[in-house]
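sequence and predicted structure below; questions after.
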Amino acid sequence: MPHLFPVLRALAIASASLLVGCLTIAEPSGVEPAVFETPEYHAQQGLAVVKASALYARGGTGQGVLVALIDSGLDTRLKEFEGRLSDPGFDYVENRPGTIDRIGHGTQMAGILAANKDDQGMHGIAFNARLIPFRFGDDNEPFFFDSEIAQSWQSGFDKGARLFNNSWANSIPATEINEARYNQVMPDSLAVARELVADGAVFVFPTGNELKREPLAEPGLPVALPELEKGWLAVVALKNDGSAINGKSNYCGVAAAWCIAVPGGDSGAQAGLLTVGKEGRYVQTAGTSPAAALVSGALAALQSLYPQLNPQQVREHLLATANRTGIYANSEAYGRGLMDLETASRRVPAPIAD
């Protein structure tokens with residue numbers, strides 16, 4: 001059935017556009033976006049591309065919103081995360097509360113998402129959001145840690161998170177996944193994901209870094225399980241300036257209807273997005289992992305601006321207001337388009353029926 005994917009993709013995108021409520025224009029806040037365009041803001045180049053300063057000027061900073069971070073852990077001792085934890089989370093590698101981060105990946109994602117706005121280095125896109133970090137095994141494919149991932153999701157939800165950043169994916173192409181096969185490799189996670197999506201959660205995944213025209217298993221999972229789509233986001237990575245897909249990213253492909261594009265850094269040691277390393281140094285990161293973290297943070301910031309919406313409605317609004325002009329009209333590559341937080345924060349959505 002590969003020849004049907006482009007047709008199904010187009011129908012899904014057209015149908016999704018009908019789900020958005022009536023829009024009104026937000027009242028000016030009296031604060032100019034330029035107030036937020038500090039050296040710290042510009043140091044993380046992706047923020048300007050997605051127009052985050054406009055969202056900040058209208059009050060969307062992530063205040064009061066919790067995000068669960070399921071990754072290699074988090075170095076919670078760092079100054080950039082003072083006041084940013086809602087809960088110490090849990091380390092499923094060492095089976096204890098709290099986390100460490102031996103490889104630094106989770107800490108880097110947390111920096112992109114919610115590092116403090118403190119006039120030092122850079123800040124996260126949702127600098128007032130709060131995190132709940134979880135650590136699962138970082139030495140093999142995620143399916144080896146199915147139980148730990150499932151427990152992380154459930155625990156995060158029980159502690160109040162409705163947004164789940166997952167900067168990882170199993171290396172099975174989405175086009176080769178069906179319900180039976182996924183239930184073989186991730187049975188516990190699949191059961192929890194179904195329950196939490198039904199209860200209003202949103203899961204964010206990167207499309208993967210294999211330079212393929214299709215995403216990996218998790219970002220494309222709603223192809224096999226359509227009931228997950230309302231709580232699912234796939235993320236493709238652009239170059240720092242947003243001019244094209246970056247040198248690592250898979251396309252949105254079959255996930256186009258629930259996929260969005262944001263900067264994920266250029267290739268090269270000094271050409272990524274600036275974030276926080278595991279020992280507190282500022283480091284570069286590139287790929288679809290930081291792109292996913294950027295989108296998770298954007299959801300948190302928008303949720304704080306639109307408390308009248310539930311997280312799945314915020315997700316749909318983010319997709320519906322993406323920029324689909326120029327190159328971003330290519331849904332195979334860029335899905336719903338380039339994330340545009342100026343439009344998302346200016347066009348106020350009416351509550352959407354559940």
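Everything's here; your move. Numbering: from 1, shown residues only.

remind me which residues of this protein are low pLDDT?
By pLDDT under 70, the weakly predicted segments of the chain are 1-29, 268-269, 351-354.

quick one, helices of it?
With DSSP state H, the ranges of helices along the chain come out as 5-16, 39-43, 46-49, 52-57, 105-114, 146-158, 179-185, 187-198, 288-305, 311-320, 331-334, 341-346.

distance to L216 and mean neighbour count added to the ones you listed, as CSV?
Yep, even glycine has a C-beta here, placed from its N, CA and C like the rest. Output for the helices of the chain, formatted as CSV (distance: least, CB to CB, whole Å; neighbours: other CB atoms under 10 Å):
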stretch, distance to L216, mean neighbour count
helix 5-16, 16, 15
helix 39-43, 30, 16
helix 46-49, 22, 23
helix 52-57, 27, 25
helix 105-114, 16, 30
helix 146-158, 15, 20
helix 179-185, 12, 14
helix 187-198, 14, 18
helix 288-305, 9, 29
helix 311-320, 20, 23
helix 331-334, 16, 21
helix 341-346, 26, 22
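
in JSON lines, list these along with distance to A224.
JSON lines is the format used below for the helices of the chain (distance: least, CB to CB, whole Å):
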{"stretch": "helix 5-16", "distance to A224": "12"}
{"stretch": "helix 39-43", "distance to A224": "40"}
{"stretch": "helix 46-49", "distance to A224": "31"}
{"stretch": "helix 52-57", "distance to A224": "34"}
{"stretch": "helix 105-114", "distance to A224": "26"}
{"stretch": "helix 146-158", "distance to A224": "17"}
{"stretch": "helix 179-185", "distance to A224": "5"}
{"stretch": "helix 187-198", "distance to A224": "10"}
{"stretch": "helix 288-305", "distance to A224": "20"}
{"stretch": "helix 311-320", "distance to A224": "19"}
{"stretch": "helix 331-334", "distance to A224": "19"}
{"stretch": "helix 341-346", "distance to A224": "29"}
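
quick one, which of those helices is nearest to A257?
helix 5-16 (3.5 Å; CB to CB).

ok, back up a step: for R281, find the nearest of the helices of the chain.
helix 105-114 (10.5 Å).

tell me the contacts of L274?
Shown in contact with L274 (CB atoms under 8 Å, 6 or more residues apart in numbering): 43-45, 121-122, 282-284.

could I get these as CSV with distance to A292?
Below are the contacts of L274 laid out as CSV (distance: CB to CB, whole Å):
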residue, distance to A292
A43, 20
Q44, 15
Q45, 17
G121, 21
M122, 17
Y282, 20
V283, 18
Q284, 17
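
between those residues, which is closest to G335?
Looking at the contacts of L274 and their distance to G335, the nearest is Q45, at 21.0 Å (CB to CB).

so the closest one is in contact with K239, correct?
No. Between Q45 and K239 there is no contact under CB atoms under 8 Å: 9.5 Å.

identify the contacts common to those two.
P263.

and for G247, the neighbour number?
Close neighbours of G247, defined as other CB atoms under 10 Å, add up to 17.

re earlier: need the buried ones from the contacts of L274 selected in ChimeraX.
This is the ChimeraX syntax for the buried subset of the contacts of L274, where burial follows 16 or more other CB atoms under 10 Å:
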select :43,44,45,121,122,282,283,284
